[in-house]
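*Asks:* Here is my input; please provide its structure:
(4 chains)
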2 protein chains.
Amino acid sequence: MEEKKIEILTRASGVILRHGVRSVTMDDITSELGISKKTLYQYFTDKDSLINAIIDLKLGNDRAICLSSIENAENAIDALFLISKSICENVAAVNPTVFYDLRKHYPVAWQKVCAHKMTFVYDMILNNIQRGIKEGIYRENMNPEVVARLFVAYGDVIMSGEIFPWPEFHYDQVYFETTSFHIYGMSNKKGIEYLNKRELNE
Amino acid sequence: MEEKKIEILTRASGVILRHGVRSVTMDDITSELGISKKTLYQYFTDKDSLINAIIDLKLGNDRAICLSSIENAENAIDALFLISKSICENVAAVNPTVFYDLRKHYPVAWQKVCAHKMTFVYDMILNNIQRGIKEGIYRENMNPEVVARLFVAYGDVIMSGEIFPWPEFHYDQVYFETTSFHIYGMSNKKGIEYLNKRELNE
DNA sequence: TAAAAACTTTTTAGTGTAAAATAGTTTCCA
DNA sequence: TGGAAACTATTTTACACTAAAAAGTTTTTA
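*Replies:* As a prediction, the model looks like this:
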């Protein structure tokens, strides 16, 4: 991909993820980036393809960050904390209306997001559970499929804002509390000892 | 309330909660109960008041069952298991479209349902957390407000069917798994010992 | 060559209206 | 008295239409 296309993509991504897909028009993007419509349409045939590219870019970045977190973590618990920290930083910058807009008007992009949650995130958590069990810090008497899906669901619950209304609650705090609670729920005796030790160091 | 009104209410409740609010017309109810519209409207001025009465009845029953579970339980963990068992039995009999219909067309009734979740259920779980801490079986290092709201959220997640699609997953099984996971997440060493002992007895 | 501007086409929000469905009322009859 | 049916009133729904906005294209200009 040409350098110019990448620049347009990343800058447009910033505007759209911050303000919503519907709210930002193609004219808004051109004037925001200081380019003409001609140029914009030279690189992206229509708004749909631009949105799809933005979502691909975003999900790709998220995945890369998660995978590096997993590699650098000393154990399953540490990995989950690292992941939740980066998810927090990444998703907090996305306006919730983006998800609403995608679901309603951009079925292809929305499908990508759903697939990302139900395959990548789900598989990642499922692997994390297996890793934790193998490392002897997670309980063996839980249902991995249900527990992993529960973790996936947290994102929706927190983002919807119904149960944790802003400004009484803040995404990042709730997400952190939720993740630690989830880790406690999965941990066995040895895992909880590690958690306690971890808490002391903070 | 007269005996006849109660009979009409309970029987209409059965039909409506099973098939949905919008799907069941006033004519359906009269023919199903074998009464005339004259009689039905003698006891309920309009459909709205009937629906509201049904919701009041339903929520009242649910509350009564929960409160008796709490009293009869030997400790906080036992109480949560009893509650989740009765919630399961009660909510599983309600067609999910009922919630959809209420939310969209019966704002007063929907408000009752939301208030029930956000006050009664939430307070109940908050009390349960305090009880468990006092009984020395729950951790003290958790955020009760977040953890209680998380429990409230499970209901929505499971009922929506997006994360746990039927028929791959069944309400009652997922609800049971989820509740036990949640209890593990709240329990401390002593609580987990009680849980292990409990599992052996099953 | 690419931005700016002017332009055309498509999508969407909003409105009005007719038909259908349902709520709610009245009448008749066992 | 209360059920059955016929009736009226209200609400929903569907469709057509209009106006505005935004997508997408072409032309002009620096």
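*Asks:* Skipping adjacent residues, who's closest to residue A:95 in space?
*Replies:* residue A:20 (5.3 Å; CB to CB, 6 or more residues apart in numbering or on different chains). Every residue, glycine included, has its C-beta placed from N, CA and C.
*Asks:* Secondary structure element for the closest residue to chain B within chain A, which one?
*Replies:* Distance from chain B to each residue of chain A (CB to the nearest CB) is smallest for residue A:185, at 3.1 Å. In this assignment (DSSP states H and E), residue A:185 forms part of helix A:171-186.
*Asks:* for the record, mean pLDDT for that helix?
*Replies:* Confidence for helix A:171-186, expressed as mean pLDDT, is 94.
*Asks:* pLDDT below threshold where in chain A?
*Replies:* Low-confidence segments of chain A, defined by pLDDT under 70, span residues A:1, A:202.
*Asks:* Give me every residue in it lying close to DNA strand C.
*Replies:* Taking CB under 7 Å from any atom of the strand as the measure of proximity, chain A contacts DNA strand C at A:30, A:31, A:34, A:35, A:36, A:37, A:38, A:39, A:105.
*Asks:* Now for residue A:63, how many residues are close by?
*Replies:* In terms of burial, residue A:63 registers 14 neighbours under the definition other CB atoms under 10 Å in any protein chain shown.
*Asks:* re the thing from before, number of residues surrounding the residue of chain A closest to chain B?
*Replies:* In terms of burial, residue A:185 registers 21 neighbours under the definition other CB under 10 Å.
*Asks:* which ones are touching it?
*Replies:* Residues counted as contacts of residue A:185 (CB atoms under 8 Å, 6 or more residues apart in numbering or on different chains) are A:142, A:147, B:181, B:182, B:184, B:185.
*Asks:* how deep is the fifth one tucked in, by neighbour count?
*Replies:* I take that to be residue B:184. Taking other CB under 10 Å as the definition, residue B:184 ends up with a neighbour count of 21.
*Asks:* wouldn't it be in contact with residue B:194 here?
*Replies:* No - the pair residue B:184 and residue B:194 fails to qualify as a contact (CB atoms under 8 Å) at a distance of 11.2 Å.
*Asks:* how far away is the residue of chain A positioned farthest from its centre from DNA strand D?
*Replies:* Among residues of chain A, the one most distant from the C-alpha centroid is residue A:38; the distance is 33.0 Å, by CA atoms, centre = their mean. If you measure residue A:38 against DNA strand D using CB to the nearest atom of the strand, to the nearest Å, the figure is 5 Å.
*Asks:* what comes into contact with the helix or strand hosting that residue?
*Replies:* When secondary structure is defined by DSSP H and E, residue A:38 falls within helix A:37-43. The contact list for helix A:37-43 (CB under 8 Å, 6+ apart) reads A:2, A:4, A:5, A:8, A:9, A:26, A:27, A:29, A:30, A:33, A:50.
*Asks:* how far out from the middle of the chain is that helix?
*Replies:* 30 Å (CA atoms, centre = their mean, to the nearest Å).
*Asks:* count of residues packed around the closest residue to residue A:73 other than its chain neighbours?
*Replies:* Nearest non-adjacent residue to residue A:73, counting by CB to CB, 6+ apart: residue A:79, 3.5 Å away. By other CB under 10 Å, the residues close to residue A:79 number 21.
*Asks:* Outside of whichever helix or strand residue A:79 is part of itself, which residues are in contact with it?
*Replies:* Taking DSSP H and E as the definition, residue A:79 sits inside helix A:76-91. Helix A:76-91 is contacted from outside by A:61-62, A:65-66, A:69-70, A:72-73, A:124, A:128-129, A:131-132, A:135, A:137-138, A:155, A:159, A:171-172, A:175-176, A:179-180, A:182-183, A:187, A:191, A:194-195, A:198, using CB under 8 Å, 6+ apart.
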